[in-house]
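Q: Task: produce atomic coordinates for the following.
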Amino acid sequence: MDNNLLYKIALTQIEGVGPVLAKNLVSYCGGVKEIFQQTKRTLSKIPGVGLILADEIKKDTVFKNADKILQSVTKNNIGILFYLDNDYPSRLKHINDGPVLLYYQGTRSFNAKRTLGIVGTRNATIRGKAACDKIINELKDYGVTIVSGLAFGIDAAAHRAAIKYNIPNIGIMGNGIDITYPSQHQKLRSNISLNGDILSEFPLDTKPDKGHFPMRNRIIAGLSDALLVVESDIKGGSMITARMAFDYNKDVFAIPGRIEDKYSRGTNTLIKNNIAYLTENASDIARMMNWTKTTEVTAVQMQMFAELDKNEQKIFDILKNSENESMSVDEIHHTSQFTMGELASILLNLELKGMIENMPGARYTILRK
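A: Numbers count the residues shown, from 1 in each chain. Predicted coordinates:
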């Protein structure tokens, strides 16, 4: 039995303790195991805890539930990621309310270099599904991983198109990972796992619940570099996800539609309110995200390689291998360990050679040609 993992699961089983408070507890106590070693009195003095939650933390049922979950996870060969693990999705680490624990099945593709979330109405039209298929087909040369929610309609269309064009994709669930919801998507779910992942923050045996889906939506928004809304009414889960992505400072895109169409009202509103960029094809997204086709990037890198000295190559490789499309000077400085003076000189040389681009906010990226 993995006792360390047991403590991590137990942390998520405390009634009244959500992701933000759970992370604060780990920080205050110096570790997960250490939380459960504190007295009620000590716990009650931690900001946001108090006597009632301190009692919940010390309840025997917390570990009884955690032990059942751990046994079930082991039996069903399901992976678990804690928010402090190296393999935990890096994009979710930057979100304050990101899940403490994730259950997954698949190829561990959740730290892909580029990700695009795609959401939309469950009552997708033929037009919406076709637009979704077209854009995903156009993205197949950009090295993008698709993220969606495995629901009926646009979600399912996005997953199916990604599978069709052999693009990695991730399905986020609003229930336990051992349950397929909707049940009609069992085959689709299995196909996703062959070239992607199924993710959930909910313990096994957790049934689908209306309150779970906004939680799922925040994972879609957080895991995506950009979010595309294909079709949506003025209210609904897709609009919630779009606003979450916008609040997370992610770029939001939306496909416009006729003003009389019910499932264009939401996308048109996002565009009208400057929350989303009007999007007709993949090139609209690629241009705004500064994405270049992977074949073009490889060609540029091969052409540049011989022109770099040792220090320039080091900085170029740091930018090339970054999980994000660009890096700040401070991030490059921390990673490279060059002095600021040395780094400034190297960055200038790379700029003069046409190898990197200086972007607004003192950020740098590989020059796209």
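Q: doesn't Ile198 fall inside a strand?
A: Yes - Ile198 forms part of a strand when assessed by DSSP: H, G, I helix; E, B strand; the rest coil.
Q: What degree of burial does it show, as a neighbour count?
A: 20 (other Cβ atoms under 10 Å). In short, each C-beta sits where N, CA and C put it, glycine included.
Q: repeat for Ile259
A: Number of residues near Ile259 (other Cβ under 10 Å) recorded here: 8.
Q: okay but it is in contact with Asn268, surely?
A: Yes - in terms of Cβ atoms under 8 Å, Ile259 counts as a neighbour of Asn268; the distance is 6.6 Å.
Q: On the pLDDT front, check Val22 for me.
A: I think there's a mix-up here, since residue 22 is Ala and not Val. We have a pLDDT of 95 for Ala22.
Q: element containing it?
A: If you go by DSSP states H and E, Ala22 is part of helix 19-29.
Q: same for that helix, what does it pack against?
A: Using 3 or more Cβ pairs under 8 Å, 6 or more residues apart in numbering; DSSP states H and E as the contact test, the elements touching helix 19-29 are helix 3-11, helix 32-37.
Q: can you give me the angle the longest one makes with helix 19-29?
A: So that's helix 3-11. Helix 3-11 runs at 130 degrees relative to helix 19-29, counting by axes from the mean of the first three to the mean of the last three Cα atoms, to 10 degrees.
Q: How far off centre is helix 3-11?
A: Relative to its chain's centre, helix 3-11 lies at 23 Å (Cα atoms, centre = their mean, to the nearest Å).
Q: That one - contacts with which helices or strands?
A: helix 19-29, helix 32-37, helix 60-75, strand 79-82, strand 101-106.
Q: what's that helix in contact with?
A: Helix 3-11 is contacted from outside by 17, 22, 25-26, 32-33, 35-36, 62-63, 65-67, 69-70, 80, 82, 100-101, 203, using Cβ atoms under 8 Å, 6 or more residues apart in numbering.
Q: residues near Gln184, how many?
A: 10.
Q: how close does it sit to Leu150?
A: If you measure Gln184 against Leu150 using Cβ to Cβ, to the nearest Å, the figure is 11 Å.
Q: residues contacting the residue nearest to Asp97 when sequence neighbours are not counted?
A: With Cβ to Cβ, 6 or more residues apart in numbering as the criterion, Asp97 has its nearest non-adjacent residue at 5.1 Å, and that residue is Pro19. Residues near Pro19 by Cβ under 8 Å, 6+ apart: Asp97, Gly98, Pro99, Val100.
Q: Of the residues you listed, which is the nearest to Asn195?
A: Nearest to Asn195 out of these is Pro99 (Cβ to Cβ; 23.0 Å).
Q: Please enumerate the shared neighbours of Ile259 and Asn268.
A: With the criterion set as Cβ under 8 Å, 6+ apart, the contacts of Ile259 and Asn268 do not overlap.
Q: Send me the helix or strand hosting Ile315 as CSV with only the CA atoms.
A: Following DSSP H and E, one finds Ile315 within helix 310-320. C-alpha atoms of helix 310-320 as CSV (Å, rounded to 0.1, in the frame of the first residue of the first chain):
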residue,chain,number,x,y,z
LYS,A,310,27.2,27.1,-27.5
ASN,A,311,25.5,29.8,-25.4
GLU,A,312,23.1,30.8,-28.2
GLN,A,313,22.2,27.2,-28.8
LYS,A,314,21.4,26.8,-25.1
ILE,A,315,19.0,29.7,-25.1
PHE,A,316,17.4,28.6,-28.3
ASP,A,317,16.9,25.1,-26.9
ILE,A,318,15.3,26.6,-23.8
LEU,A,319,12.8,28.5,-25.9
LYS,A,320,12.2,25.5,-28.2
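Q: Residues contacting that helix, please?
A: 301, 304-305, 308, 326-327, 332, 335-336, 338, 342-343, 346-347, 349-350, 353, 355-356, 364-366.
Q: What is the burial count for Leu352?
A: Leu352: 9 neighbours (other Cβ under 10 Å).
Q: Let me know the pLDDT of Phe316.
A: 90.
Q: can you pull out the strands in this protein?
A: 79-82, 101-106, 114-119, 144-148, 169-172, 196-200, 226-229, 251-254, 277-278, 327-328, 356-359, 363-366 (DSSP state E).
Q: deepest of those strands, which one?
A: strand 169-172 (a mean of 30; mean count of other Cβ atoms under 10 Å).
Q: What strands line up against it, and which way round?
A: With DSSP bridges as the test, strand 169-172 is paired with strand 144-148 (parallel), strand 196-200 (parallel).
Q: for the ones you listed, which one sits closest to Leu51?
A: Closest of the strands paired with strand 169-172 to Leu51 is strand 196-200, at 32.2 Å (criterion: Cβ to Cβ).
Q: residues touching Glu357, list them.
A: Per Cβ under 8 Å, 6+ apart, neighbours of Glu357: Glu351, Tyr364, Thr365, Ile366, Leu367, Arg368.
Q: Per-residue pLDDT of Thr107, please?
A: For Thr107, pLDDT reads 89.
Q: Could you verify my assumption that it touches Pro168?
A: Yes - using Cβ under 8 Å, Thr107 makes contact with Pro168 at a distance of 7.4 Å.
Q: what is in contact with the two at once?
A: Asn195, Gly196.
Q: out of the two, which sits in the busier spot?
A: Neighbour count, other Cβ under 10 Å: between Thr107 and Pro168, Pro168 has more, with 22 against 14.
Q: how much space between that one and Asp317?
A: Separation of Pro168 from Asp317 (Cβ to Cβ): 23 Å.
Q: now Asn281
A: For Asn281, the distance to Asp317 - Cβ to Cβ - is 32 Å.
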